[in-house]
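Trainee: Just the structure for this:
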Amino acid sequence: MNSEDALPAVTALLADYCAHLDADRLEQWVGLFAETASYRIVPRENRVQGLPAAILHLSNKRMIADRITVLRTAAVFNIHVDRHMVSAIRVIERLPDSVRYEANFCVYQSDQEGRTKLFCTGLYEGEVALGPQPRFLQQTALVDTFSIPALLAVPI
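Mentor: Numbers count the residues shown, from 1 in each chain. Predicted coordinates:
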């Protein structure tokens, strides 16, 4: 499979990623990650300055699942609905069993009072293991600004 042939698999995986987050199917969202996968949210300012700090860094699937357990059982945050928009999905590198990709994203949030606002924008960068069941090996949400206007509870 060449890079162009991998684009439909990456696109479908990102569509499931967004659909699970938007429908509050967070446990199914976790299922899109390989056991050794990492999930990070990194501000663009830190990337530009070469600083390694992330807003959130989960280094394996168990940590990702634990984050969802905390959200379900202990976290207190504003009740809202997310809507993810993804565009310009590109496979940027073909590796032996995976591909690296990037895609623009934005997340809108609607609150219980009926207000919708832009929550954040950025670039997804990641690596997807190919095969019968493509899975994320790495997923980074490179957010355009360190200043996210509300509590960051649910994954981006």
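
Trainee: make it CA atoms for all contacts and neighbour counts henceforth
Mentor: Noted.

Trainee: mind showing which ranges of this protein have poor pLDDT?
Mentor: 1-4, 75-78, 146-152 (pLDDT under 70).

Trainee: Which strands or helices does the longest helix anywhere in the chain pack on?
Mentor: Determined from DSSP state H, the single longest helix within the chain is helix 3-22. Judged by 3 or more CA pairs under 8 Å, 6 or more residues apart in numbering; DSSP states H and E, the packing partners of helix 3-22 are helix 26-30, strand 80-94, strand 98-111.

Trainee: Tell me the neighbouring strands of the longest one, and mark each as parallel or antiparallel.
Mentor: When sheet partners are counted by DSSP bridges, strand 80-94 sits next to strand 98-111 (antiparallel).

Trainee: by how many degrees do the strand it pairs with and helix 3-22 diverge?
Mentor: Calculated by axes from the mean of the first three to the mean of the last three CA atoms, to 10 degrees, strand 98-111 forms an angle of 30 degrees with helix 3-22.

Trainee: what separates strand 98-111 from the chain centre, distance-wise?
Mentor: Distance, stretch centre to chain centre, for strand 98-111: 6 Å (CA atoms, centre = their mean, to the nearest Å).

Trainee: in that strand, what's buried?
Mentor: 98-110 (16 or more other CA atoms under 10 Å).

Trainee: Then stretch 112-125?
Mentor: 119-125.

Trainee: From those, which land in strands?
Mentor: 119-125 (DSSP state E).

Trainee: Between those residues, which sits nearest residue 154?
Mentor: residue 119 (11.6 Å; CA to CA).

Trainee: gap between that closest one and residue 128?
Mentor: Per CA to CA, to the nearest Å, residue 119 is found 26 Å from residue 128.

Trainee: what about residue 105, distance to residue 17?
Mentor: For residue 105, the distance to residue 17 equals 12 Å [CA to CA].

Trainee: quick one: contacts for residue 100?
Mentor: Going by CA atoms under 8 Å, 6 or more residues apart in numbering, residue 100 touches 91-94, 125-128.

Trainee: Show me which pair in these is furthest apart.
Mentor: For these, the maximum inter-member distance is 13.9 Å, found between 94 and 125 (CA to CA).

Trainee: Sort out which residues of stretch 42-55 are buried, please.
Mentor: For stretch 42-55, by 16+ other CA under 10 Å, it's 42-44, 46, 54.
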